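**Q** Below are the sequence and a predicted model for it; my questions follow.
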Amino acid sequence: MRRAIVVMGVSGSGKSSVGAALAASLAIPFVDADSLHAPESIARMAAGLPLTDDDRWPWLSRVGTHLADTVTYPRGIVIACSSLKRAYRDRIRAGAGRTVAFVFLDIEPETVHTRLAMRKDHFMPASLIESQFATLENPSADEKDVLRLAVTRGVEEIAGLAWIALCKRGTDEGTGQETSR
């Protein structure tokens, strides 16, 4: 079965680390959606300015296009993408052209602040984390394709929990809401 998976959450939640580990477990490619941002958007964030929805729409469309690309990713793909608002997830769903599963890394703000203080060489400054939490719309119960995992364990364990849940349910059936707190 082909898998199209988005690992989502605020900056510093572990999207890239968990996404890469999950992709390795599934033996499919991993893409960090940060690499799909327009240079202007990266410069904006590096300057400490949050992106607007108008900045995000083309980027989210590129994420959806990658998820739908069965030629480049015939067995599937895992993408790390913040996907903070329902409208953003809906844009990705529309662009993916097929069923997509989201793995929401639910993390406490204090943990993110600690992580971002230690992170080096990333274009997004820690000063923007408050805007991410303000933007975040927790997935609702009707978003059956979202698996919710609390970030209270290590990367490998979280990726393992996601792998088990996704393999058990299959992305074609949706993953449903689940919490591992």
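**A** Yes, it's here. Numbers count the residues shown, from 1 in each chain.

**Q** Give me the next element, helix or strand, following the worst-scoring helix or strand of the chain on mean pLDDT.
**A** Sorting the helices and strands of the chain by mean pLDDT, DSSP states H and E puts helix 109-118 at the bottom, at a mean of 72. Stepping forward along the backbone from helix 109-118, the first helix or strand reached (DSSP states H and E) is helix 129-135.

**Q** could you give the mean pLDDT of that following helix?
**A** Helix 129-135 comes out with an average pLDDT of 81.

**Q** cool, stretch 3-17 as well?
**A** Stretch 3-17 comes out with an average pLDDT of 92.

**Q** just stretch 165-181 next, same as before
**A** Confidence over stretch 165-181, taken as the mean pLDDT, stands at 54.

**Q** next one: stretch 28-46
**A** Model confidence over stretch 28-46 averages 92 on the pLDDT scale.

**Q** Now that stretch: buried residues?
**A** 28-34, 36-37, 41, 44-45 (16 or more other Cβ atoms under 10 Å). The way it works is simple: take the backbone N, C-alpha and C, and place the C-beta from them, glycine included.

**Q** In helices only, show me those residues.
**A** Among the buried residues of stretch 28-46, the members found in helices (DSSP state H) are 41, 44-45.
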